[in-house]
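Engineer: sequence plus predicted model, see below.
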Amino acid sequence: MEYLFLGIIQGLTEFLPVSSQGHLLLFEKLFGLEVNIAFDTIVHLGTALAAIIYFRREILALLTGSRQLLWPLIITTLVTGIIGLAFKDFFESLFSSFQYVGPFFIATGLVILLGEWLGRRSERKETVGWLDATIIGLAQGAAIIPSLSRSAMTISTSLARGLDRSLAARYSFLVSIPTILGAGLLQSKEIFKAGTMGIGVGALGLGFIAAFLSGLVAINIFMNIIKMTSIRVFAYYCVVLGALVLISSVF
């Protein structure tokens, strides 16, 4: 039941700009569970499937005819992949340490506020250029750090570059698919070893299903929110949560 709950947390927080990895680390600590890259990878694959299902028509269009977003998505994914491969060991060492969770929750909140502020001063764009794609890839690469939200980094960077709000969210979710699948491939060895690391196949399966279903819900919620209003409320949530985590770690 604890891993089922963690799967739900992953699905809800992957597509909301609040850091799914940070929340997983936080709740794993509250439950007294060992941080496990295999479980983290499995639930991320569940959310990737949710994005594939939700954006299936856009993905099909990208593969069969419309190339408007295809090359930008490839550029962003390549940039992120290079960063991930180059700093893989460093990022994994951060994943096993709880001391960075509070500060990077706060950093996520500040990134959202900065993106909203810069976005209001940028000319609206309906397309993603190669420079936009490169900068978003750098932002997404930095978000491999636990508690620094991937969706917050990509959406806020997209808004700062002047992308339309709906396009910024769609692009963030679409580019998450190859990024998560690539990370899953790199961590496949850890997944196969999971049975001997304290997490059984049943727990992994429950986490995957829970992350998939709650991920679908989260995408629907967020796509409606970003079209209508600012996402600053998520920034305030991250700053307050990060401050509480820091205070609790001190006392």
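Structural biologist: Received, thanks.

Engineer: who touches stretch 114-127?
Structural biologist: Under the criterion Cβ atoms under 8 Å, 6 or more residues apart in numbering, residues 68, 132, 152, 155-165, 167, 230-232, 235 lie in contact with stretch 114-127. Where C-beta positions appear, they are placed from N, C-alpha and C, glycine not excepted.

Engineer: can you tell me which of the residues you listed are in helices?
Structural biologist: When DSSP state H is applied, the contacts of stretch 114-127 are split such that 132, 152, 155, 156, 157, 158, 159, 160, 165, 167, 232, 235 fall in helices.

Engineer: give me the buried subset of these.
Structural biologist: When burial is judged by neighbour count using 16 or more other Cβ atoms under 10 Å, the buried members of the ones in helices among the contacts of stretch 114-127 are 132, 152, 155, 156, 157, 158, 159, 160, 165, 167, 235.

Engineer: what is the least confident helix or strand in this protein?
Structural biologist: Among the helical and strand segments of the chain, the one scoring lowest on mean pLDDT, DSSP states H and E is helix 188-192, with a mean of 62.

Engineer: tell me the helix or strand right after that helix.
Structural biologist: Next along the chain after helix 188-192, taking DSSP states H and E as the criterion, comes helix 201-228.

Engineer: turn the buried ones among the ones in helices among the contacts of stretch 114-127 into a markdown table, including distance to residue 60.
Structural biologist: Supplementary listing: these in a markdown table, determined by distance: Cβ to Cβ, whole Å:
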| residue | distance to residue 60 |
| --- | --- |
| 132 | 24 |
| 152 | 28 |
| 155 | 23 |
| 156 | 28 |
| 157 | 27 |
| 158 | 23 |
| 159 | 27 |
| 160 | 30 |
| 165 | 24 |
| 167 | 18 |
| 235 | 34 |
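
Engineer: got the ones in helices among the contacts of stretch 114-127 as JSON lines, with distance to residue 62 and pLDDT columns?
Structural biologist: Rendered in JSON lines, the data for those read as follows (distance: Cβ to Cβ, whole Å; pLDDT from 0 to 100):
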{"residue": "132", "distance to residue 62": "17", "pLDDT": "95"}
{"residue": "152", "distance to residue 62": "24", "pLDDT": "94"}
{"residue": "155", "distance to residue 62": "19", "pLDDT": "95"}
{"residue": "156", "distance to residue 62": "24", "pLDDT": "95"}
{"residue": "157", "distance to residue 62": "21", "pLDDT": "96"}
{"residue": "158", "distance to residue 62": "17", "pLDDT": "94"}
{"residue": "159", "distance to residue 62": "22", "pLDDT": "94"}
{"residue": "160", "distance to residue 62": "24", "pLDDT": "93"}
{"residue": "165", "distance to residue 62": "21", "pLDDT": "90"}
{"residue": "167", "distance to residue 62": "14", "pLDDT": "92"}
{"residue": "232", "distance to residue 62": "31", "pLDDT": "93"}
{"residue": "235", "distance to residue 62": "31", "pLDDT": "96"}
